[in-house]
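Engineer: The sequence isn't on hand, but the structure is:
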C-alpha cells in the first residue's frame, strides 16, 4: 500500500486548506484512514480518522480541531480528505496520512507541510 498526500501549503490565520490522501490497492482491505500531525519539537498527534469500509461513515476529530476540521472520504477513489478551516498558527505542522487495514497493518504517507502564518 502506498499513500500519496497533497494539499499542504502556506495560509494566513483564519484561512482554509484541504488535504487529500490517495491510497493504492483495493479499498476493501482498508479499515480506517485518517490524519496525524507533528509540529517541530513535538510528538506526532492524532488529528482525525474515518471508517473507510463501505457505507460506514464513523468519523472523529481531536478536541483541538473539533468544529474546525472535517474528515471525509471518497470510497471509489480510495481517498480521504481533511478540510481545515479557521486555521491557527498552532495548526502548523507536517500532516501525515494514516491507513489501517483489516489485517492490522498500519501505513503512513510521506507528510505534507501546513504553515499558518501572517
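Structural biologist: Perfect, thanks for sending it. What you see is a predicted model, and the numbers here were worked out from it, not measured in a lab. Residues are numbered from 1 along each chain as shown.

Engineer: and the residue nearest the centre of the chain, what element?
Structural biologist: For the chain, the residue nearest the mean C-alpha position is residue 35 (2.9 Å; Cα atoms, centre = their mean). When secondary structure is defined by DSSP states H and E, residue 35 falls within strand 30-38.

Engineer: so how far is that strand from its chain's centroid?
Structural biologist: Chain-centre distance of strand 30-38: 6 Å, with Cα atoms, centre = their mean, to the nearest Å.

Engineer: Sheet partners, orientation included, of the helix or strand that comes right after that strand?
Structural biologist: Moving toward the C-terminus from strand 30-38, the first helix or strand encountered (DSSP H and E) is strand 45-51. Each strand pairing with strand 45-51, determined using DSSP bridges, is listed with its direction: strand 30-38 (antiparallel), strand 59-61 (antiparallel).

Engineer: for those, which one ends up most surrounded?
Structural biologist: Taking mean count of other Cβ atoms under 10 Å as the contact definition, the stretch among the strands paired with strand 45-51 with the greatest mean neighbour count is strand 30-38, which reaches a mean of 22. Backbone N, C-alpha and C define where each C-beta goes, glycine included.

Engineer: got TSV for the strands paired with strand 45-51, with mean pLDDT and distance to residue 107 too?
Structural biologist: TSV is the format used below for the strands paired with strand 45-51 (pLDDT from 0 to 100; distance: least, Cβ to Cβ, whole Å):
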stretch	mean pLDDT	distance to residue 107
strand 30-38	94	9
strand 59-61	94	19
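
Engineer: Let me have the ones you listed in JSON lines, adding distance to residue 115 as columns.
Structural biologist: As requested, these are exported to JSON lines (distance: least, Cβ to Cβ, whole Å):
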{"stretch": "strand 30-38", "distance to residue 115": "12"}
{"stretch": "strand 59-61", "distance to residue 115": "21"}
